[in-house]
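Student: 3D, please:
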Amino acid sequence: MKKTGVQHRLTRVYLVQLLLISLATVLGVWATANIIEHVLVKQALIKEADHYWSLVEENPTQPRPNTRHLLGLLSSDAVQDPVPDVLADLPDGYQRVDLAGERPIVYIEHRDGARLYLIFDEKRVSVLAFLFGILPLTGVLLVIYITSFLGWKKSRDLLSPLVQLSDALRHTPVNDPSVARPDLSDIAADSGSEVAVLVAALDGYADRLVSFVERERQFTRDASHELRTPLAVFRANLELLVTQVGDRPLIRRMDDTVDDMEATLETLLMLARTEQHSQQSEDVIVNDLAVNLIERLNPLAERKQIRLQVRQTALLSVNCPEAALTIVLTNLVRNAINYSGSGDVTIVVMDKAVQVVDYGAGMDADELARVLQPFERGGSLEGGHGLGLAIVQRLCERYDWELMVASEPGKGTEVRVQFS
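Tutor: Residues are numbered from 1 along each chain as shown. Okay, the predicted model is just below:
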């Protein structure tokens, strides 16, 4: 797996820096060696030959150069030094030659019928170059490497609290409300440093956010509980009204509205409980859940002249809290009943997905774009509070399910939940 953290990037930069320094050093040494051999030594031998010819003009018996590093041989009518055959066959100029198991530098020059051979042994010069050039350069490189390493180590130490903070936030299970607040107590940041300020700010922000979310949940629970009492009174009065004036369409619509309100309150209460406490996951057979849901909502569908049915193409089992999946399917089917007008509403259970299909009025592109927003309702005159699909989407996001809605005016709506 490719590592992309800031410390890994810093390490890669450090290694690239060392590689470039080493490469530049090697290239510099190689260029210096070539300059010394092909420029400085060559010019020195040419000057040495010119100097020798000038001395010969003044003194024809001038001895040839013979030092620790330089040997001169002359071949002329008057002088015949023992020139090795390998040198005698060479052209004039500057070159290296294999001679007695070694490769000295040879400079050959021809003047006035005489031929001068200058043989330069650069071994001693190379040793001096190593002592006064390579060793100091190696020391400089070591200083550069050590300085770079200390800088890299200090940078890692400075970034370590930031990396710890990033890891703590990355591994915080934000979808689990019981542990959604990150624990930043183990981050070792220097007092007053930027990371310490950032950790303190995040701690404060997390406290305020958790407090706000808890107040929201408490309000949802309290409001749902408080609204159940007037709804119960309203339903009792409706039942009393039916006994007095009989069952009328207006009373049935009011009764359906009370049903919707009670279902919404139950959903909000259940949603608040599932977000406050981690729910136990279990293997839920979606086929059985769909059949039970049809039986429970069938009276509501019959009052609206809608036929509920289940079509099963596969046996589907989902590992999740049963309450969460019940909320999702109940809201989808209730929405289909409320907004389809009449006809059929079908729950299709398939491999890794469940789909609710109605054949009602459908929605155009603008309505479809807003349908998942809270308090948005379709164009139907039937009941509803605009929360059903918003709650479904919220639960799908929590359990990593994919919610897909497709609709076309005059042909109905299909809502699919794809399980991971």
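
Student: please enumerate the strands of this structure.
Tutor: For the chain, strands defined by DSSP state E occupy the ranges 70-75, 93-96, 105-111, 114-120, 282-285, 306-312, 317-320, 343-350, 353-358, 402-408, 412-418.

Student: can you say which of these is nearest to Gly246?
Tutor: Closest to Gly246 of the strands of the chain is strand 306-312 (Cβ to Cβ; 23.7 Å). Every residue, glycine included, has its C-beta placed from N, CA and C.

Student: ok, the residue of the chain positioned farthest from its centre - contacts?
Tutor: Farthest-out residue of the chain from its mean C-alpha position, per Cα atoms, centre = their mean: Ala78, at 85.1 Å. Listed by Cβ atoms under 8 Å, 6 or more residues apart in numbering, the contact partners of Ala78 are Pro60.

Student: model confidence for it, exactly?
Tutor: On pLDDT, Ala78 comes in at 81.

Student: give me phi/psi at it?
Tutor: As for Ala78, its main-chain torsions (degrees, to the nearest 10) stand at phi -90, psi -30.

Student: what are the phi and psi angles of the closest residue to Ser342 other than its chain neighbours?
Tutor: For Ser342, ignoring the flanking residues on the chain, the nearest one in space by Cβ to Cβ, 6 or more residues apart in numbering is Gln305 at 5.0 Å. Backbone torsions of Gln305, given as degrees, to the nearest 10, read phi 60, psi 50.

Student: I'd guessed Gln305 sits against Ser340; true?
Tutor: No - if you go by Cβ atoms under 8 Å, Gln305 and Ser340 don't touch, sitting 10.3 Å apart.

Student: looking at these two, which is more packed in?
Tutor: Ser340 (24 against 9; other Cβ atoms under 10 Å).

Student: helices along the stretch 251-400 of the chain, start to end?
Tutor: Per DSSP state H, counting those that start in this stretch, the stretch 251-400 of the chain carries helices over the ranges 286-303, 322-340, 365-370, 388-398.

Student: what's the most buried one of those helices?
Tutor: helix 322-340 (a mean of 23; mean count of other Cβ atoms under 10 Å).

Student: mind giving me the domain ranges of the protein?
Tutor: 6-126, 177-211, 279-420 (automatic domain parsing).

Student: right, so of those domains, which gets closest to His171?
Tutor: domain 177-211 (8.5 Å).

Student: just the pLDDT at Met350, thanks.
Tutor: On pLDDT, Met350 comes in at 93.

Student: wait, it sits on Ala290?
Tutor: No - contact criterion Cβ under 8 Å: Met350 and Ala290 do not qualify, at 11.3 Å.

Student: any low-confidence regions in the stretch 301-420 of the chain?
Tutor: 371-388 (pLDDT under 70).

Student: which residues touch Gln92?
Tutor: That one is not Gln; residue 92 is Asp. Contacts of Asp92 were listed using Cβ under 8 Å, 6+ apart, and they are 108-110, 115.

Student: can you go through the residues you listed and name the buried ones?
Tutor: 108-109, 115 (16 or more other Cβ atoms under 10 Å).

Student: can you put the residues you listed in TSV and add pLDDT and distance to Arg170?
Tutor: Shown next, in TSV, are these (pLDDT from 0 to 100; distance: Cβ to Cβ, whole Å):
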residue	pLDDT	distance to Arg170
Ile108	90	74
Glu109	90	76
Arg115	91	80
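
Student: which of those lies closest to Pro409?
Tutor: For these, the residue nearest Pro409 by Cβ to Cβ is Ile108; the value is 100.2 Å.

Student: check the gap between the nearest residue to the closest one once chain neighbours are set aside and Ile46 for me.
Tutor: Distances taken as Cβ to Cβ, 6+ apart place Asp92 nearest to Ile108, at 4.9 Å, with adjacent residues excluded. For Asp92, the distance to Ile46 equals 11 Å [Cβ to Cβ, to the nearest Å].

Student: overlap of the contact sets of these two?
Tutor: Glu109.

Student: report pLDDT for the residue nearest to Ile108.
Tutor: 89.

Student: and for Ile146?
Tutor: 87.

Student: what number of residues lie near it?
Tutor: 10.

Student: and Asp364, its phi and psi?
Tutor: According to degrees, to the nearest 10, Asp364 has phi -90, psi -180.

Student: dump the residue contacts of it.
Tutor: Pro409.

Student: so Leu293 makes contact with Val354?
Tutor: No - judged on Cβ under 8 Å, Leu293 makes no contact with Val354 at a distance of 10.6 Å.

Student: check contacts around the residue lying closest to Asp190 once chain neighbours are set aside.
Tutor: Spatial nearest neighbour of Asp190, chain neighbours left out: Ala196 (6.4 Å); criterion: Cβ to Cβ, 6+ apart. Neighbour list for Ala196: 161, 189-190 [criterion: Cβ under 8 Å, 6+ apart].

Student: same check on Leu15?
Tutor: Here Leu15 is in contact with no residues (criterion: Cβ under 8 Å, 6+ apart).

Student: and for the one 10 residues further on?
Tutor: By Cβ under 8 Å, 6+ apart, the contact list for Thr25 reads 137, 141.

Student: distance of it from Asp247?
Tutor: 98 Å.

Student: hmm, Val56 is touching Gln62, no?
Tutor: Yes - assessed by Cβ under 8 Å, Val56 is found in contact with Gln62 at 4.9 Å.

Student: quick one, which of these two is more surrounded?
Tutor: Neighbour count, other Cβ under 10 Å: between Val56 and Gln62, Val56 has more, with 19 against 14.

Student: circling back: out of the contacts of Ala196, which sit inside helices?
Tutor: Pro161 (DSSP state H).

Student: the contacts of Ala196, buried ones only, as a ChimeraX selection?
Tutor: Entered in ChimeraX, the line below selects the buried ones among these, by 16+ other Cβ under 10 Å:
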select :161,189
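
Student: adding distance to Lys411 and pLDDT, write the contacts of Ala196 out as CSV.
Tutor: Converted to CSV, the contacts of Ala196 look like this (distance: Cβ to Cβ, whole Å; pLDDT from 0 to 100):
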residue, distance to Lys411, pLDDT
Pro161, 58, 76
Ala189, 60, 71
Asp190, 65, 73
